[in-house]
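Participant: Predicted model, plus sequence, below.
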Amino acid sequence: MTERQADSLLRADLMKRLMMFKDYGKDALLLAVLSYNVGTGRLLGYGKHPKSRLLRKIESGDRDFYREFVSFCRY
């Protein structure tokens, strides 16, 4: 795979995720990139797993979500 092909694939994947979170306005890019790294199910919820606290805070208008965001970091 060439660098150009890889870049095109990455951009297409990020655009799909950005469209999933487009209703979140200025937080759409943050959520799209985070979902690329941790999976959309971790944010949106799936099966027995509820919607993430980060997403619930953003939906409620609470801008103090730093702690919830960094809880996804595993380094």
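Facilitator: Noted; the coordinates are in hand. Numbering: from 1, shown residues only.

Participant: tell me the secondary structure for residue 10?
Facilitator: Here residue 10 is recorded as helix under DSSP: H, G, I helix; E, B strand; the rest coil.

Participant: Work out for me the element residue 28 sits within.
Facilitator: With elements taken from DSSP states H and E, the one containing residue 28 is helix 28-38.

Participant: Going by neighbour count, list what's buried in the next helix-or-strand element following that helix.
Facilitator: Proceeding N to C from helix 28-38, the next assigned helix or strand is helix 40-44, under DSSP H and E. Residues of helix 40-44 classed as buried: 40, 42-44 (neighbour count, 16 or more other C-beta atoms under 10 Å). To be clear about C-beta, it is placed using only N, CA and C from the backbone, and glycine gets the same treatment.

Participant: thinking again about what came up before, who are the packing partners of the helix holding residue 28?
Facilitator: helix 3-20, helix 40-44, helix 53-60 (3 or more C-beta pairs under 8 Å, 6 or more residues apart in numbering; DSSP states H and E).

Participant: in this protein, which ranges drop under the pLDDT threshold?
Facilitator: Counting by pLDDT under 70, the chain has low-confidence residues at 75.

Participant: 80 instead?
Facilitator: Scanning the chain for pLDDT under 80 picks out the ranges 74-75.

Participant: nearest residue to residue 13 other than its sequence neighbours?
Facilitator: In this structure, residue 13 finds its nearest non-sequential neighbour in residue 36, 6.8 Å apart by C-beta to C-beta, 6 or more residues apart in numbering.
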